[in-house]
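[1] Take a look and give me a structure for this.
(one chain, ligands or ions: 1)
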Amino acid sequence: MNINPSTAPSVPIFDVDLYSDEVMADPYPVYAEMRQAGPIVFIPLYGIYFVTRHELVRYAFSAHQDYCSSRGIGPRDISQTQSLRPPSLLLETDPPAHAKYRSVMMRLLSPAALRRLRAKFEAVADELVERIDGKRSFDAFGELTRPFILNAICDAVGLPKEGRDHMLTYGEVVLNLPGPPNWRVDASLAQARSDGTLEWVDRMMRRQSLARDGLAAELFAAADQGEITEDEASMLVRIFLSASVDSTVYTITNGIKNFIDFPSQWEELVAQPTLAREAFEEVLRYNVSVKTLFRTTTRSVELGGVKLPAGAKVGLGFAAANRDPEKFTDPDRFDVRRRPVGHLAFGTGIHTCVGQMVARMEADILFSRLASRFSRINLTGTPIRKINNALSSWSSLPVEVTPKGAS
Ligand code: HEM
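    Here you go, the predicted model:
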(Lines give C-alpha, C1' and ligand atoms only; values in the text may rest on other atoms or scores of the structure.)
Protein backbone atom coordinates (compact mmCIF):
# COMPACT_ATOMS: atom_id res chain seq x y z
CA MET A 1 0.00 0.00 0.00
CA ASN A 2 2.73 2.51 0.90
CA ILE A 3 6.08 1.03 -0.04
CA ASN A 4 7.10 -1.16 -2.94
CA PRO A 5 8.48 -4.42 -1.46
CA SER A 6 11.46 -4.14 -3.80
CA THR A 7 12.70 -1.25 -1.67
CA ALA A 8 13.17 -3.64 1.22
CA PRO A 9 15.25 -6.52 -0.16
CA SER A 10 17.28 -7.16 2.97
CA VAL A 11 14.29 -7.36 5.27
CA PRO A 12 12.52 -10.67 5.92
CA ILE A 13 9.22 -10.69 4.03
CA PHE A 14 6.15 -11.87 5.93
CA ASP A 15 3.14 -13.00 3.91
CA VAL A 16 0.71 -12.60 6.72
CA ASP A 17 -2.56 -10.73 7.05
CA LEU A 18 -2.19 -9.07 10.43
CA TYR A 19 -5.81 -7.91 10.20
CA SER A 20 -7.39 -11.33 9.57
CA ASP A 21 -9.76 -12.53 12.30
CA GLU A 22 -7.43 -15.43 13.01
CA VAL A 23 -4.30 -13.34 13.58
CA MET A 24 -6.17 -10.57 15.39
CA ALA A 25 -7.61 -13.16 17.81
CA ASP A 26 -4.17 -14.45 18.74
CA PRO A 27 -1.28 -12.57 17.12
CA TYR A 28 1.35 -13.76 19.59
CA PRO A 29 2.63 -16.80 17.60
CA VAL A 30 3.06 -14.54 14.54
CA TYR A 31 4.82 -11.92 16.66
CA ALA A 32 7.21 -14.59 17.96
CA GLU A 33 8.04 -15.70 14.39
CA MET A 34 8.65 -12.12 13.33
CA ARG A 35 10.87 -11.44 16.34
CA GLN A 36 12.97 -14.48 15.45
CA ALA A 37 13.17 -13.56 11.77
CA GLY A 38 14.89 -10.23 12.36
CA PRO A 39 14.74 -6.81 13.95
CA ILE A 40 12.25 -5.63 11.32
CA VAL A 41 10.04 -7.50 8.86
CA PHE A 42 8.19 -6.32 5.77
CA ILE A 43 4.54 -7.22 5.14
CA PRO A 44 3.85 -6.85 1.41
CA LEU A 45 0.07 -7.17 1.71
CA TYR A 46 -0.06 -3.75 3.38
CA GLY A 47 3.32 -2.36 2.31
CA ILE A 48 4.38 -1.91 5.91
CA TYR A 49 7.36 -2.63 8.11
CA PHE A 50 6.76 -4.22 11.51
CA VAL A 51 8.86 -4.16 14.67
CA THR A 52 8.42 -6.65 17.51
CA ARG A 53 11.58 -6.37 19.64
CA HIS A 54 11.13 -4.40 22.84
CA GLU A 55 14.26 -2.30 22.55
CA LEU A 56 13.43 -1.17 19.00
CA VAL A 57 9.74 -0.51 19.63
CA ARG A 58 10.65 1.62 22.63
CA TYR A 59 13.29 3.46 20.61
CA ALA A 60 10.97 4.26 17.70
CA PHE A 61 8.24 5.52 20.06
CA SER A 62 10.80 7.89 21.59
CA ALA A 63 12.38 9.14 18.34
CA HIS A 64 9.41 11.26 17.33
CA GLN A 65 11.44 13.49 14.99
CA ASP A 66 12.16 10.47 12.75
CA TYR A 67 8.91 8.58 13.37
CA CYS A 68 6.01 11.00 13.12
CA SER A 69 2.36 10.62 14.10
CA SER A 70 0.83 13.30 11.86
CA ARG A 71 0.68 10.90 8.90
CA GLY A 72 -1.54 8.55 10.87
CA ILE A 73 -1.17 5.93 13.57
CA GLY A 74 -2.43 3.13 11.33
CA PRO A 75 -0.97 1.49 8.21
CA ARG A 76 -2.53 4.15 5.95
CA ASP A 77 -0.77 7.44 5.28
CA ILE A 78 -3.52 9.92 6.14
CA SER A 79 -1.71 12.70 4.33
CA GLN A 80 -2.37 10.77 1.09
CA THR A 81 -5.96 9.68 1.66
CA GLN A 82 -9.25 11.38 2.35
CA SER A 83 -10.20 11.24 5.97
CA LEU A 84 -13.66 11.15 7.46
CA ARG A 85 -12.71 13.51 10.25
CA PRO A 86 -10.03 16.10 10.97
CA PRO A 87 -6.89 14.54 12.55
CA SER A 88 -6.71 14.18 16.33
CA LEU A 89 -5.00 17.14 18.03
CA LEU A 90 -2.98 14.70 20.11
CA LEU A 91 -2.61 11.28 18.55
CA GLU A 92 -2.17 12.56 14.99
CA THR A 93 -0.27 15.78 15.70
CA ASP A 94 3.50 16.35 15.89
CA PRO A 95 5.46 18.91 17.91
CA PRO A 96 5.36 21.79 18.41
CA ALA A 97 1.51 21.97 18.21
CA HIS A 98 1.13 18.68 20.08
CA ALA A 99 2.66 20.04 23.32
CA LYS A 100 0.07 22.78 23.72
CA TYR A 101 -2.92 20.42 23.56
CA ARG A 102 -1.16 17.78 25.62
CA SER A 103 -0.51 20.15 28.50
CA VAL A 104 -4.23 21.03 28.66
CA MET A 105 -5.20 17.35 28.78
CA MET A 106 -2.50 16.54 31.33
CA ARG A 107 -3.88 19.19 33.65
CA LEU A 108 -7.41 17.75 33.37
CA LEU A 109 -6.13 14.28 34.24
CA SER A 110 -3.63 15.29 36.92
CA PRO A 111 -3.24 13.13 40.07
CA ALA A 112 -5.27 15.70 42.06
CA ALA A 113 -8.09 15.57 39.49
CA LEU A 114 -8.09 11.77 39.64
CA ARG A 115 -8.30 11.78 43.42
CA ARG A 116 -11.48 13.82 43.05
CA LEU A 117 -12.88 11.37 40.51
CA ARG A 118 -12.04 8.24 42.46
CA ALA A 119 -15.01 8.29 44.87
CA LYS A 120 -17.41 8.71 41.95
CA PHE A 121 -15.87 5.80 40.06
CA GLU A 122 -16.04 3.68 43.21
CA ALA A 123 -19.74 4.42 43.59
CA VAL A 124 -20.40 3.24 40.02
CA ALA A 125 -18.41 0.04 40.65
CA ASP A 126 -20.10 -0.62 44.02
CA GLU A 127 -23.55 -0.49 42.49
CA LEU A 128 -22.61 -2.91 39.71
CA VAL A 129 -20.81 -5.33 42.01
CA GLU A 130 -23.83 -5.33 44.33
CA ARG A 131 -26.04 -6.18 41.40
CA ILE A 132 -23.90 -9.06 40.14
CA ASP A 133 -23.59 -10.43 43.67
CA GLY A 134 -27.36 -10.69 43.66
CA LYS A 135 -27.39 -12.50 40.32
CA ARG A 136 -24.26 -14.68 40.54
CA SER A 137 -24.52 -15.50 36.79
CA PHE A 138 -24.06 -12.61 34.39
CA ASP A 139 -22.18 -11.35 31.37
CA ALA A 140 -18.89 -9.91 32.57
CA PHE A 141 -18.66 -7.61 29.55
CA GLY A 142 -22.28 -6.54 29.09
CA GLU A 143 -23.18 -6.26 32.76
CA LEU A 144 -19.91 -5.32 34.38
CA THR A 145 -16.92 -3.92 32.49
CA ARG A 146 -18.90 -2.09 29.82
CA PRO A 147 -21.37 -0.27 32.10
CA PHE A 148 -18.63 0.45 34.63
CA ILE A 149 -16.25 2.21 32.25
CA LEU A 150 -18.97 3.79 30.14
CA ASN A 151 -20.81 5.34 33.06
CA ALA A 152 -17.71 6.32 35.04
CA ILE A 153 -16.16 8.09 32.05
CA CYS A 154 -19.36 9.66 30.72
CA ASP A 155 -20.17 11.08 34.19
CA ALA A 156 -16.61 12.40 34.52
CA VAL A 157 -16.64 14.06 31.10
CA GLY A 158 -20.12 15.48 31.72
CA LEU A 159 -22.11 13.71 29.01
CA PRO A 160 -25.88 13.41 29.35
CA LYS A 161 -27.27 9.99 30.37
CA GLU A 162 -29.16 9.63 27.13
CA GLY A 163 -27.23 8.30 24.15
CA ARG A 164 -24.15 6.97 25.97
CA ASP A 165 -24.24 3.72 24.01
CA HIS A 166 -23.13 5.75 21.00
CA MET A 167 -19.69 5.91 22.64
CA LEU A 168 -18.97 2.27 21.84
CA THR A 169 -20.32 2.53 18.29
CA TYR A 170 -18.13 5.58 17.79
CA GLY A 171 -15.17 3.81 19.37
CA GLU A 172 -15.65 1.06 16.83
CA VAL A 173 -15.37 3.55 13.95
CA VAL A 174 -12.37 5.26 15.51
CA LEU A 175 -10.53 1.99 16.03
CA ASN A 176 -11.35 0.59 12.59
CA LEU A 177 -10.56 3.73 10.60
CA PRO A 178 -6.76 3.76 11.00
CA GLY A 179 -6.61 0.15 9.77
CA PRO A 180 -6.71 -1.01 6.16
CA PRO A 181 -9.86 0.00 4.21
CA ASN A 182 -11.64 -3.30 4.82
CA TRP A 183 -15.18 -4.49 5.51
CA ARG A 184 -14.82 -3.60 9.20
CA VAL A 185 -14.44 0.09 8.37
CA ASP A 186 -17.50 -0.04 6.08
CA ALA A 187 -19.63 -1.94 8.59
CA SER A 188 -18.81 0.29 11.56
CA LEU A 189 -19.34 3.46 9.51
CA ALA A 190 -22.66 2.19 8.18
CA GLN A 191 -23.76 1.42 11.74
CA ALA A 192 -22.64 4.80 13.08
CA ARG A 193 -24.41 6.62 10.23
CA SER A 194 -27.64 4.68 10.48
CA ASP A 195 -28.08 4.79 14.27
CA GLY A 196 -27.30 8.49 14.68
CA THR A 197 -23.89 8.00 16.35
CA LEU A 198 -22.07 10.50 14.14
CA GLU A 199 -24.68 13.21 14.80
CA TRP A 200 -24.56 12.44 18.51
CA VAL A 201 -20.77 12.87 18.53
CA ASP A 202 -21.06 16.19 16.69
CA ARG A 203 -23.61 17.33 19.24
CA MET A 204 -21.52 16.19 22.22
CA MET A 205 -18.55 18.22 21.00
CA ARG A 206 -20.52 21.40 21.65
CA ARG A 207 -20.38 23.26 24.95
CA GLN A 208 -24.15 23.49 25.39
CA SER A 209 -24.58 19.67 25.34
CA LEU A 210 -22.26 19.11 28.28
CA ALA A 211 -22.49 19.40 32.06
CA ARG A 212 -20.97 22.52 33.58
CA ASP A 213 -18.86 20.64 36.11
CA GLY A 214 -17.27 17.89 34.02
CA LEU A 215 -13.88 17.47 32.32
CA ALA A 216 -15.34 18.76 29.05
CA ALA A 217 -16.40 21.99 30.75
CA GLU A 218 -12.78 22.47 31.85
CA LEU A 219 -11.74 22.32 28.20
CA PHE A 220 -14.16 25.10 27.34
CA ALA A 221 -12.88 27.04 30.36
CA ALA A 222 -9.40 26.77 28.82
CA ALA A 223 -10.93 28.25 25.65
CA ASP A 224 -12.46 31.10 27.67
CA GLN A 225 -9.00 31.81 29.08
CA GLY A 226 -7.62 32.04 25.54
CA GLU A 227 -5.35 29.03 26.04
CA ILE A 228 -7.00 27.18 23.13
CA THR A 229 -9.79 28.09 20.73
CA GLU A 230 -13.41 27.01 21.09
CA ASP A 231 -12.97 24.64 18.09
CA GLU A 232 -9.86 23.14 19.66
CA ALA A 233 -11.77 22.58 22.90
CA SER A 234 -14.42 20.71 20.88
CA MET A 235 -11.73 18.62 19.22
CA LEU A 236 -10.28 17.73 22.62
CA VAL A 237 -13.75 16.69 23.83
CA ARG A 238 -13.80 14.38 20.81
CA ILE A 239 -10.65 12.71 22.16
CA PHE A 240 -12.55 11.73 25.30
CA LEU A 241 -15.30 10.33 23.12
CA SER A 242 -12.86 8.25 21.11
CA ALA A 243 -9.92 7.30 23.36
CA SER A 244 -11.21 6.86 26.88
CA VAL A 245 -13.59 3.92 26.74
CA ASP A 246 -12.84 1.05 24.33
CA SER A 247 -9.16 0.49 25.07
CA THR A 248 -9.94 0.29 28.80
CA VAL A 249 -13.17 -1.74 28.69
CA TYR A 250 -11.60 -4.32 26.45
CA THR A 251 -8.31 -4.55 28.34
CA ILE A 252 -10.12 -5.01 31.66
CA THR A 253 -12.33 -7.63 29.99
CA ASN A 254 -9.18 -9.41 28.79
CA GLY A 255 -8.04 -9.29 32.41
CA ILE A 256 -11.18 -11.03 33.67
CA LYS A 257 -10.77 -13.67 30.99
CA ASN A 258 -7.15 -14.17 32.12
CA PHE A 259 -8.32 -14.72 35.70
CA ILE A 260 -10.76 -17.36 34.42
CA ASP A 261 -8.07 -19.04 32.31
CA PHE A 262 -5.48 -18.97 35.11
CA PRO A 263 -7.45 -19.64 38.34
CA SER A 264 -4.27 -19.77 40.44
CA GLN A 265 -3.70 -16.10 39.54
CA TRP A 266 -7.21 -15.23 40.62
CA GLU A 267 -6.54 -17.02 43.91
CA GLU A 268 -3.46 -14.82 44.42
CA LEU A 269 -5.63 -11.76 44.02
CA VAL A 270 -8.39 -13.10 46.24
CA ALA A 271 -5.81 -13.74 48.95
CA GLN A 272 -4.51 -10.19 48.56
CA PRO A 273 -6.95 -7.78 46.82
CA THR A 274 -4.44 -4.91 47.18
CA LEU A 275 -2.50 -6.66 44.41
CA ALA A 276 -5.14 -5.38 41.96
CA ARG A 277 -3.03 -2.55 40.60
CA GLU A 278 -0.01 -4.75 40.08
CA ALA A 279 -2.18 -7.45 38.50
CA PHE A 280 -3.48 -4.92 35.98
CA GLU A 281 0.09 -4.10 34.92
CA GLU A 282 0.49 -7.77 34.08
CA VAL A 283 -2.80 -7.77 32.13
CA LEU A 284 -1.46 -4.80 30.17
CA ARG A 285 1.77 -6.63 29.45
CA TYR A 286 0.22 -10.00 28.75
CA ASN A 287 -2.67 -9.04 26.48
CA VAL A 288 -3.55 -5.37 26.24
CA SER A 289 -6.58 -4.94 23.94
CA VAL A 290 -4.96 -2.55 21.41
CA LYS A 291 -1.74 -4.11 20.17
CA THR A 292 -0.05 -1.99 17.53
CA LEU A 293 0.30 1.63 16.46
CA PHE A 294 2.11 2.99 13.44
CA ARG A 295 4.50 5.78 12.70
CA THR A 296 5.73 7.20 9.38
CA THR A 297 9.43 7.86 8.82
CA THR A 298 10.15 11.54 8.18
CA ARG A 299 13.49 10.80 6.45
CA SER A 300 15.54 7.77 5.59
CA VAL A 301 16.53 6.16 8.89
CA GLU A 302 18.19 3.07 10.32
CA LEU A 303 16.44 0.88 12.84
CA GLY A 304 18.06 -2.23 14.26
CA GLY A 305 20.67 -2.06 11.49
CA VAL A 306 18.00 -1.94 8.76
CA LYS A 307 17.69 1.06 6.45
CA LEU A 308 14.16 2.38 6.07
CA PRO A 309 13.23 4.90 3.37
CA ALA A 310 11.50 8.20 4.11
CA GLY A 311 7.72 7.84 4.14
CA ALA A 312 7.80 4.21 5.33
CA LYS A 313 4.95 3.01 7.49
CA VAL A 314 6.34 1.23 10.54
CA GLY A 315 4.14 -0.84 12.83
CA LEU A 316 5.28 -0.58 16.44
CA GLY A 317 4.14 -3.87 17.89
CA PHE A 318 4.01 -2.88 21.53
CA ALA A 319 2.00 -5.97 22.52
CA ALA A 320 4.66 -8.04 20.75
CA ALA A 321 7.39 -6.13 22.60
CA ASN A 322 5.64 -6.97 25.86
CA ARG A 323 6.29 -10.67 25.16
CA ASP A 324 9.92 -10.21 24.11
CA PRO A 325 11.95 -12.81 26.08
CA GLU A 326 14.94 -10.46 25.97
CA LYS A 327 12.93 -8.10 28.18
CA PHE A 328 10.58 -10.34 30.19
CA THR A 329 11.49 -13.77 31.53
CA ASP A 330 9.09 -16.53 30.51
CA PRO A 331 6.93 -13.92 28.71
CA ASP A 332 4.01 -16.21 27.82
CA ARG A 333 3.27 -16.85 31.50
CA PHE A 334 0.56 -14.68 33.10
CA ASP A 335 1.82 -13.85 36.58
CA VAL A 336 0.10 -11.20 38.69
CA ARG A 337 3.18 -10.84 40.88
CA ARG A 338 5.56 -10.20 38.00
CA ARG A 339 5.82 -6.36 38.25
CA PRO A 340 6.42 -5.91 34.51
CA VAL A 341 8.26 -2.60 34.67
CA GLY A 342 8.90 -1.21 31.21
CA HIS A 343 5.93 -2.75 29.41
CA LEU A 344 4.83 -0.64 26.48
CA ALA A 345 1.04 -1.03 26.60
CA PHE A 346 0.63 2.73 26.96
CA GLY A 347 3.35 3.54 24.43
CA THR A 348 6.22 5.77 25.53
CA GLY A 349 7.68 9.14 24.53
CA ILE A 350 5.76 12.33 23.84
CA HIS A 351 2.52 10.53 22.92
CA THR A 352 2.50 8.14 25.87
CA CYS A 353 -1.09 7.57 27.00
CA VAL A 354 -2.39 10.66 28.72
CA GLY A 355 -5.20 8.64 30.33
CA GLN A 356 -3.08 5.80 31.70
CA MET A 357 -3.66 6.75 35.33
CA VAL A 358 -7.40 6.82 34.68
CA ALA A 359 -7.26 3.30 33.24
CA ARG A 360 -5.13 2.10 36.15
CA MET A 361 -7.52 3.61 38.68
CA GLU A 362 -10.52 2.00 36.98
CA ALA A 363 -8.92 -1.44 36.92
CA ASP A 364 -7.75 -1.10 40.51
CA ILE A 365 -11.26 -0.20 41.68
CA LEU A 366 -12.94 -3.05 39.82
CA PHE A 367 -10.41 -5.86 40.34
CA SER A 368 -9.98 -5.12 44.05
CA ARG A 369 -13.75 -5.14 44.62
CA LEU A 370 -14.23 -8.39 42.75
CA ALA A 371 -11.33 -10.07 44.54
CA SER A 372 -12.58 -8.93 47.95
CA ARG A 373 -15.97 -10.43 47.32
CA PHE A 374 -15.70 -13.50 45.08
CA SER A 375 -13.44 -16.48 45.57
CA ARG A 376 -14.09 -17.95 42.13
CA ILE A 377 -15.06 -16.79 38.64
CA ASN A 378 -16.01 -19.50 36.13
CA LEU A 379 -17.24 -19.46 32.57
CA THR A 380 -20.82 -20.65 32.11
CA GLY A 381 -21.03 -20.41 28.33
CA THR A 382 -19.02 -19.73 25.21
CA PRO A 383 -17.42 -16.29 25.17
CA ILE A 384 -17.81 -14.22 22.01
CA ARG A 385 -14.71 -12.63 20.56
CA LYS A 386 -14.46 -8.93 19.90
CA ILE A 387 -12.18 -8.03 17.04
CA ASN A 388 -11.75 -4.82 15.11
CA ASN A 389 -8.86 -3.28 13.17
CA ALA A 390 -7.10 -2.22 16.36
CA LEU A 391 -8.05 -4.49 19.22
CA SER A 392 -9.03 -7.95 20.30
CA SER A 393 -11.00 -8.90 23.37
CA TRP A 394 -14.45 -10.30 24.23
CA SER A 395 -17.91 -8.86 23.61
CA SER A 396 -19.61 -11.50 25.74
CA LEU A 397 -18.15 -13.34 28.71
CA PRO A 398 -20.85 -15.38 30.46
CA VAL A 399 -19.63 -16.11 33.98
CA GLU A 400 -20.67 -17.25 37.42
CA VAL A 401 -19.12 -15.92 40.63
CA THR A 402 -18.82 -17.67 43.97
CA PRO A 403 -18.94 -15.36 47.00
CA LYS A 404 -16.17 -15.73 49.57
CA GLY A 405 -17.28 -18.07 52.34
CA ALA A 406 -19.61 -20.09 50.07
CA SER A 407 -18.24 -23.51 49.15
C1 HEM B 1 -6.12 0.25 29.07
C2 HEM B 1 -6.47 1.41 28.57
C3 HEM B 1 -5.65 2.21 27.60
C4 HEM B 1 -4.67 1.80 26.73
C5 HEM B 1 -4.12 0.41 26.53
C6 HEM B 1 -4.20 2.98 26.04
C7 HEM B 1 -3.16 2.97 25.12
C8 HEM B 1 -2.61 4.11 24.58
C9 HEM B 1 -1.41 4.15 23.78
C10 HEM B 1 -0.57 2.94 23.39
C11 HEM B 1 -1.18 5.45 23.46
C12 HEM B 1 0.03 5.98 22.67
C13 HEM B 1 -0.37 6.44 21.30
C14 HEM B 1 0.80 6.76 20.40
O15 HEM B 1 1.95 6.71 20.83
O16 HEM B 1 0.55 7.01 19.21
C17 HEM B 1 -2.25 6.22 24.02
C18 HEM B 1 -2.38 7.58 23.86
C19 HEM B 1 -3.47 8.28 24.34
N20 HEM B 1 -4.44 7.83 25.20
FE21 HEM B 1 -4.63 5.99 25.91
N22 HEM B 1 -4.91 4.06 26.47
C23 HEM B 1 -5.81 3.64 27.43
C24 HEM B 1 -6.69 4.43 28.15
C25 HEM B 1 -6.90 5.76 27.93
C26 HEM B 1 -7.84 6.58 28.65
C27 HEM B 1 -8.73 6.10 29.79
C28 HEM B 1 -7.78 7.84 28.11
C29 HEM B 1 -8.51 9.09 28.50
C30 HEM B 1 -9.07 9.33 29.64
C31 HEM B 1 -6.77 7.80 27.06
C32 HEM B 1 -6.41 8.86 26.28
C33 HEM B 1 -5.31 8.86 25.44
C34 HEM B 1 -4.89 10.04 24.69
C35 HEM B 1 -5.59 11.39 24.67
C36 HEM B 1 -3.74 9.66 23.99
C37 HEM B 1 -2.91 10.53 23.06
C38 HEM B 1 -1.73 11.15 23.78
C39 HEM B 1 -0.84 11.96 22.88
O40 HEM B 1 -0.85 11.76 21.67
O41 HEM B 1 -0.12 12.81 23.41
N42 HEM B 1 -6.26 6.52 27.00
N43 HEM B 1 -3.09 5.40 24.72
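[2] Show me which residues of the stretch 1-150 of the chain are close to the ligand?
    61, 69, 73, 90-91, 102, 105 (C-beta under 6 Å from any ligand atom). In this view, the C-beta of every residue, glycine as well, is placed from N, C-alpha and C.
[3] tally of neighbours for the residue of the stretch 201-350 of the chain found nearest the ligand?
    Nearest residue of the stretch 201-350 of the chain to the ligand (C-beta to the nearest ligand atom) works out as residue 347 at 3.1 Å. When counting by other C-beta atoms under 10 Å, one arrives at 20 neighbours for residue 347.
[4] so where's the stretch 1-150 of the chain shaky on pLDDT?
    1-9, 82-83 (pLDDT under 70).
[5] Next, the contact list for whatever residue of it ends up closest to the ligand, please.
    The nearest approach of the stretch 1-150 of the chain to the ligand comes at residue 90, 3.6 Å away (C-beta to the nearest ligand atom). The neighbours of residue 90, taking C-beta atoms under 8 Å, 6 or more residues apart in numbering as the test, are 98, 101-102, 105, 236, 239, 351, 354.
[6] Next: residue 261.
    residue 334.
[7] do residue 143 as well
    128, 131-132, 135.
[8] any idea how far it is from residue 266?
    Residue 143 is 19 Å from residue 266, where distance means C-beta to C-beta, to the nearest Å.
[9] do residue 132 as well
    16 Å.
[10] Name the residue in those two with the higher neighbour count.
    residue 266 (23 against 19).
[11] Find the residue closest to the more buried one in space, skipping its chain neighbours.
    residue 259 (4.1 Å; C-beta to C-beta, 6 or more residues apart in numbering).
[12] residue boundaries of the strands in the protein?
    40-43, 48-51, 67-68, 137-139, 293-297, 301-303, 306-308, 313-316, 374-379, 384-387, 392-396, 398-403 (DSSP state E).
[13] neighbouring strands for the last one, and are they parallel or not?
    What that stands for is strand 398-403. strand 137-139 (antiparallel), strand 374-379 (antiparallel) (DSSP bridges).
[14] how far out from the middle of the chain is it?
    26 Å (C-alpha atoms, centre = their mean, to the nearest Å).
[15] Can you mark which positions in that strand are buried?
    Using 16 or more other C-beta atoms under 10 Å as the test for burial, strand 398-403 gives 398-399, 401.
[16] thinking again about what came up before, now, of the contacts of residue 143, which are buried?
    Among the contacts of residue 143, the ones that count as buried (16+ other C-beta under 10 Å) are 128, 132.
[17] Filter the contacts of residue 143 down to just the ones in helices.
    128, 131-132, 135 (DSSP state H).
[18] so which of the buried residues of strand 398-403 would you say is closest to the ligand?
    Looking across those and measuring by C-beta to the nearest ligand atom, the closest to the ligand is residue 399, at 20.5 Å.
[19] Can you name the residue of this protein nearest to the ligand?
    residue 355 (2.0 Å).
[20] Residue 205 against residue 236, yeah?
    No: look at residue 205 against residue 236 with C-beta atoms under 8 Å: they stay out of range, at 9.2 Å.
[21] higher neighbour count, those two?
    Neighbours of residue 205 and residue 236, each counted by other C-beta under 10 Å, are more numerous for residue 236; the result is 25 against 19.
[22] quick one, what contacts that one?
    89-90, 101, 104-105, 219, 228.
[23] Most neighbours among those residues, please name it.
    The most crowded member of the contacts of residue 236, judged by other C-beta under 10 Å, is residue 219 (28 neighbours).
[24] ok, that one - contacts?
    104, 108, 228, 233, 236-237.
[25] Which pLDDT value belongs to it?
    Among the per-residue scores, residue 219 holds a pLDDT of 97.
[26] And it, how close does it get to residue 201?
    15 Å.
[27] What count of nearby residues applies to residue 207?
    Residue 207 - counted by other C-beta under 10 Å - has 16 other residues nearby.
[28] restrict the buried residues of strand 398-403 to contacts with the ligand.
    Within the buried residues of strand 398-403, nothing lies near the ligand by C-beta under 6 Å from any ligand atom.
[29] who in the stretch 301-407 of the chain is up against the ligand?
    345-347, 351-355, 358-359.
[30] Specify which member of the contacts of residue 236 is nearest to residue 330.
    residue 90 (35.4 Å; C-beta to C-beta).
[31] got the contact list for residue 354?
    90, 102, 105-106, 109.
[32] Can you pick out the most distant pair from these?
    Farthest apart among those - using C-beta to C-beta - are 90 and 109, which lie 11.9 Å from each other.
[33] What's the separation between the residue of the chain closest to the ligand and residue 305?
    For residue 355 relative to residue 305 (C-beta to C-beta), the value is 35 Å.
[34] between these two, which one's more packed in?
    More crowded of residue 355 and residue 305, by other C-beta under 10 Å: residue 355, with 21 against 10.
[35] The more buried one contacts residue 109, doesn't it?
    Yes: counting by C-beta under 8 Å, residue 109 is a contact partner of residue 355 at 6.1 Å.
[36] in this structure, which residue is closest to the centre?
    Central residue of the chain (C-alpha atoms, centre = their mean): residue 247, 3.1 Å from the mean position.
[37] number of nearby residues for the closest residue to that residue other than its chain neighbours?
    Using C-beta to C-beta, 6+ apart and skipping residues adjacent in sequence, the residue nearest residue 247 is residue 290, 5.2 Å away. Number of residues near residue 290 (other C-beta under 10 Å) recorded here: 21.
[38] repeat for the one 3 residues further on
    Here the number of neighbours of residue 293 (other C-beta under 10 Å) works out to 21.
[39] repeat for residue 55
    14.
[40] got it, and residue 161?
    Applying other C-beta under 10 Å, I find that residue 161 has 8 neighbouring residues.
[41] Okay, residue 126 and residue 373: tell me how far apart.
    11 Å.
[42] Could you pull up the contacting residues of residue 45?
    15-17.
[43] For stretch 127-143, list every residue counted as buried.
    Neighbour-count burial for stretch 127-143 [16+ other C-beta under 10 Å]: 128-129, 132, 138-141, 143.
[44] same thing with stretch 51-67?
    51-54, 56-61, 63-64, 66-67.
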